[in-house]
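Colleague: A predicted structure for the sequence below; I have some questions about it.
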Amino acid sequence: MTMTTHEVMTTAPVIPVVTLNSVEEAVPLARALALGGLSVIEVTLRTEAGLPGIAAIARELPEVIVGAGTVLTPEQANECRDAGSQFLVSPGTTETLMAHFMSMDIGILPGAATSSEVMRLRECGFYRQKFFPAGAAGGASMLKSWSAPIADVAFCPTGGISLENAKTYLDLPNVLCVGGSWVTPSDAVKEGDWAQIERLARDAREALT
């Protein structure tokens, strides 16, 4: 099923950002997040397990909307789409990557950190964007300052987001969801403590919905 970026962003208030240590972690981790109410998951390409992990989730968990994060090149974008990614996320957006994104029939969440980058993406038709790194780039106050002059662009802020500050972002009119790794702490993932991750996902869903 092809989903628009808007549909991806409005499915749940939090998109967990997942970095896999091994392919074997992919399915049980994604299942725990979905059971906790967070069925949209961004798997980063920061490790070699990322791409095959995406493929495993797409194959075994049709109820999960899996996307690829840390997409840096057109080649990676194609590989992730072919592996079963339903959306793609980039930390920033070069002209080359933007042109390729524009040719793809898949949800795209391109990264921006400045008003000029936001406006450039908007000119190319991207009205749904990732604000990254949110905390370092000005946080909720930066997004609030954009909400009037660039009112038709909505964001998924990622980077420095926690359960404690997520609502500050989500209360803004131009924020549809947040991205965060706090629901998948590295120690719990390494230990295979899927029950803890399910609890963290449920706490986030309940607190932020």
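Modeller: The structure has been received and is ready for your questions. All values reported here derive from a predicted model rather than from experimental measurement.
Colleague: Pull the residues that contact the least confident helix or strand in the chain by mean pLDDT.
Modeller: Within the chain, no helix or strand scores below helix 186-191, which has a mean of 94 by mean pLDDT, DSSP states H and E. Residues outside helix 186-191 that contact it (Cβ atoms under 8 Å, 6 or more residues apart in numbering): Leu20, Asn21, Glu25, Leu29, Asp193, Gln196, Ile197, Leu200. For every residue, glycine as well, the C-beta is placed using N, CA and C.
Colleague: repeat for stretch 122-137
Modeller: Contacts of stretch 122-137 (Cβ under 8 Å, 6+ apart): 5-6, 9, 89-92, 98, 101-102, 108-114, 118, 121, 142-143, 150, 152-161, 169, 176, 179.
Colleague: Just checking the distance from that stretch to the centre of its chain.
Modeller: 12 Å (Cα atoms, centre = their mean, to the nearest Å).
Colleague: got the buried residues for that stretch?
Modeller: Using 16 or more other Cβ atoms under 10 Å as the test for burial, stretch 122-137 gives Phe126, Arg128, Gln129, Lys130, Phe131, Phe132, Pro133, Ala134, Ala137.
Colleague: I'd like the residues you listed laid out as TSV, including secondary structure and distance to Pro62.
Modeller: Below are those laid out as TSV (DSSP: H, G, I helix; E, B strand; the rest coil; distance: Cβ to Cβ, whole Å):
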residue	secondary structure	distance to Pro62
Phe126	coil	27
Arg128	strand	24
Gln129	strand	28
Lys130	strand	25
Phe131	strand	30
Phe132	coil	29
Pro133	coil	32
Ala134	coil	31
Ala137	coil	35
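Colleague: Pipe those into CSV and attach pLDDT and distance to Gly36 per row.
Modeller: As requested, the buried residues of stretch 122-137 are exported to CSV (pLDDT from 0 to 100; distance: Cβ to Cβ, whole Å):
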residue, pLDDT, distance to Gly36
Phe126, 98, 30
Arg128, 98, 24
Gln129, 98, 26
Lys130, 98, 23
Phe131, 98, 24
Phe132, 98, 24
Pro133, 98, 25
Ala134, 98, 23
Ala137, 97, 29
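Colleague: Quick one: buried ones out of the contacts of stretch 122-137?
Modeller: If we count by 16+ other Cβ under 10 Å, the contacts of stretch 122-137 have these buried: 5, 9, 89-91, 98, 101, 108-113, 118, 121, 142-143, 150, 153-159, 161, 169, 176, 179.
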